[in-house]
Every structure is written in C-alpha cells, then in structure tokens.
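Student: Provide a 3D model corresponding to the input given below.
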Amino acid sequence: MANNNRPDYLESLFQGIDIILEKRLDQVSFDTTIICTITDASNSKNGEYRVTDGNVTYKAYSDLDSYVAG
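Tutor: Numbering: from 1, shown residues only. Predicted structure coming up:
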C-alpha cells in the first residue's frame, strides 16, 4: 500500500512498461498474403475470381481480367 507522502513506484513501473509495450506493438506488422489457386475464372471480365488456399474457398477481386483457372 502506498503512503500518500511518497510515490507509488510499482504503479510507475507498470505505467512505464505499458508505454514501452504499446510503442512496440504499434510497430509490429504481419504478412497477410494468402497464396491461392484460381478455381473459377468465369467472371474474370468483372475482375472476380473464385480461389482456394487448399482449405478454404474465397472470392477474390482484381483490376486485371487476364488470370485463368489452374
């Protein structure tokens, strides 16, 4: 328990740790690239493709309409 006449060193320590961790976490980045295979390019004229990563099927969109399935 802190005495009102002296600083609470433990609280100051935890605040310092929070500041350091927050700064470090703000600088963390993750690669969110998913490597997939195009399974359906029938709507490629609109830039829409159906792709799979082997486990999940997604709709993917592109500005290019020249990709093919396979």
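Student: C-alpha from now on. contacts and neighbour counts both.
Tutor: Noted.
Student: how close does residue 51 get to residue 63?
Tutor: Computed with Cα to Cα, to the nearest Å, the distance linking residue 51 and residue 63 is 16 Å.
Student: Which of these two has more residues huddled nearby?
Tutor: Each of residue 51 and residue 63 has its neighbours counted (other Cα atoms under 10 Å); residue 51 has more, 21 against 10.
Student: beta partners for that one?
Tutor: residue 38, residue 58 (DSSP bridges).
Student: ok, it - contacts?
Tutor: Residues touching residue 51, when contacts are defined by Cα atoms under 8 Å, 6 or more residues apart in numbering, comprise 36-40, 57-60.
Student: Could you pull out the helices in the protein for me?
Tutor: Across the chain, reading from the start of the chain, the helices by DSSP state H fall at 9-26.
Student: for it, which spans come out with low pLDDT?
Tutor: 1-6 (pLDDT under 70).
Student: again, 80 this time
Tutor: Low-confidence segments of the chain, defined by pLDDT under 80, span residues 1-7.
Student: First-to-last residue distance for stretch 34-42?
Tutor: Length of stretch 34-42, first residue to last, Cα to Cα: 21 Å.
Student: which other residues reach that stretch?
Tutor: Stretch 34-42 is touched from outside by 48-54, 67-70, with contacts defined as Cα under 8 Å, 6+ apart.
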